[in-house]
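Engineer: no sequence on this one, just coordinates:
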C-alpha cells in the first residue's frame, strides 16, 4: 500500500503526525490487516478550512505513486483537539469525484 496522508491544517502546530506513522508502521487501527509494506508517498494538509486544497493535493500524491489516500484522524475524528472537521465528508466526496473509485480512501488513521 502506498499512502498519501492528508491532515488538518488547524492541528499541524500541535501534532507532528507521530501516531499516524506509528499505526502505519505497526499495521494497527485503520491499517490493520494490510498485507505487505506500507509506504508513505507524501504528507500534506487540507490547506485550511474548508479543505478545498485536499483534492488537488490528493491528486498530486496519486500522480506521485500513492494508491491510497488517508484522511488523518484530526480531520475525521477531531484528534487531538476534540473537534472533527465539519467539511470532512465534503472533502472525501470531492476527492472521489476527482479521482474516481480506483483510489482507496481511508476515513481515519487511529
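Structural biologist: In hand now; what should we look at? None of these values were measured; they are calculated from a predicted model. Numbering: from 1, shown residues only.

Engineer: thought residue 62 was touching residue 103, still the case?
Structural biologist: Yes - between residue 103 and residue 62 there is a contact at 5.9 Å, judged by CB atoms under 8 Å. For glycine as for every other residue, the C-beta is placed from the backbone atoms N, C-alpha and C.

Engineer: please enumerate the shared neighbours of these two.
Structural biologist: residue 69 (CB atoms under 8 Å, 6 or more residues apart in numbering).

Engineer: these two: who's more crowded?
Structural biologist: residue 62 (21 against 18; other CB atoms under 10 Å).

Engineer: quick one: low-confidence ranges for this structure?
Structural biologist: Nowhere does the chain drop to pLDDT under 70.

Engineer: tell me where the chain has strands.
Structural biologist: Assignment of strands within the chain using DSSP state E yields the ranges 2-7, 39-45, 68-71, 104-106.

Engineer: okay, those strands in CSV with distance to residue 78 and mean neighbour count next?
Structural biologist: Listed next are the strands of the chain as CSV, based on distance: least, CB to CB, whole Å; neighbours: other CB atoms under 10 Å:
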stretch, distance to residue 78, mean neighbour count
strand 2-7, 12, 23
strand 39-45, 16, 18
strand 68-71, 12, 26
strand 104-106, 16, 16
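
Engineer: need those in a markdown table with distance to residue 28, can you?
Structural biologist: Below are the strands of the chain laid out as a markdown table (distance: least, CB to CB, whole Å):
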| stretch | distance to residue 28 |
| --- | --- |
| strand 2-7 | 14 |
| strand 39-45 | 15 |
| strand 68-71 | 13 |
| strand 104-106 | 13 |
